[in-house]
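the amino acid sequence is not available; the structure is as follows:
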């Protein structure tokens, strides 16, 4: 039996590189110039290129799958609110916290947050997952 309890936390940290952004653009077909073109991005509200929001969000998925609840975890849902941009070179930490666990099924609700190296929240959300017992 899996011993998930409210308040349990896990984190996963990664630095977002230009190579990651370009690879993600190729994999996803999201070639928005705000992610890829320095000259274009300089004219936007961000003043420079930003990473795709889903790159930072993918750290949440990695933390769920590898750390808490861990291997065998499958998403049922994930809400995401993008609070601040992530720039190339930023270090993002995904924080997973168990909010609740169903008594009748191996389903957990988790608070999902991503912060950057300056402790600025870049993503807030909530995941519901099916986990392995």
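Received it, and whenever you're ready, just let me know what you need. Remember, it's a predicted structure, so these values are computed and weren't measured experimentally. Numbers count the residues shown, from 1 in each chain.

when you work out contacts or count neighbours from here on, use the C-alpha atoms and nothing else.
Fine.

how about low-confidence regions in the chain?
Scanning the chain for pLDDT under 70 picks out the ranges 1-2.

does residue 80 sit in a helix, a strand or a coil?
What DSSP: H, G, I helix; E, B strand; the rest coil gives for residue 80 is strand.

surely it and residue 122 touch.
No. If you go by C-alpha atoms under 8 Å, residue 80 and residue 122 don't touch, sitting 10.0 Å apart.

neighbour count winner among those two?
Counting neighbours by other C-alpha atoms under 10 Å for residue 80 and for residue 122 shows that residue 122 has the greater number, 21 against 15.

what sits against that one?
The neighbourhood of residue 122, defined by C-alpha atoms under 8 Å, 6 or more residues apart in numbering, consists of 82, 83, 84, 85, 86, 113, 114, 115, 116.

out of those, who's the most crowded?
Comparing those on neighbour count, residue 114 comes out first with 25 neighbours (neighbours: other C-alpha under 10 Å).

which one of the contacts of residue 122 is nearest to residue 15?
Using C-alpha to C-alpha, the shortest approach to residue 15 within the contacts of residue 122 belongs to residue 116, at 9.3 Å.

what residues are up against that closest one?
By C-alpha under 8 Å, 6+ apart, residue 116 lies in contact with 86, 90, 91, 92, 93, 122.

and the residues you listed, which of them are in strands?
Counting by DSSP state E, the contacts of residue 116 place 91, 92, 93, 122 in strands.

now the strands for this structure?
9-15, 74-82, 91-101, 107-115, 121-130.

could you find the closest non-adjacent residue to residue 11?
Among residues not flanking residue 11 along the chain, residue 95 sits closest, at 4.6 Å (C-alpha to C-alpha, 6 or more residues apart in numbering).

what helices or strands is the longest helix along the chain leaning on?
In the chain, with assignment by DSSP state H, the single longest helix is helix 53-66. Helix 53-66 sits against strand 9-15, strand 74-82, strand 91-101, strand 107-115, with contacts defined as 3 or more C-alpha pairs under 8 Å, 6 or more residues apart in numbering; DSSP states H and E.
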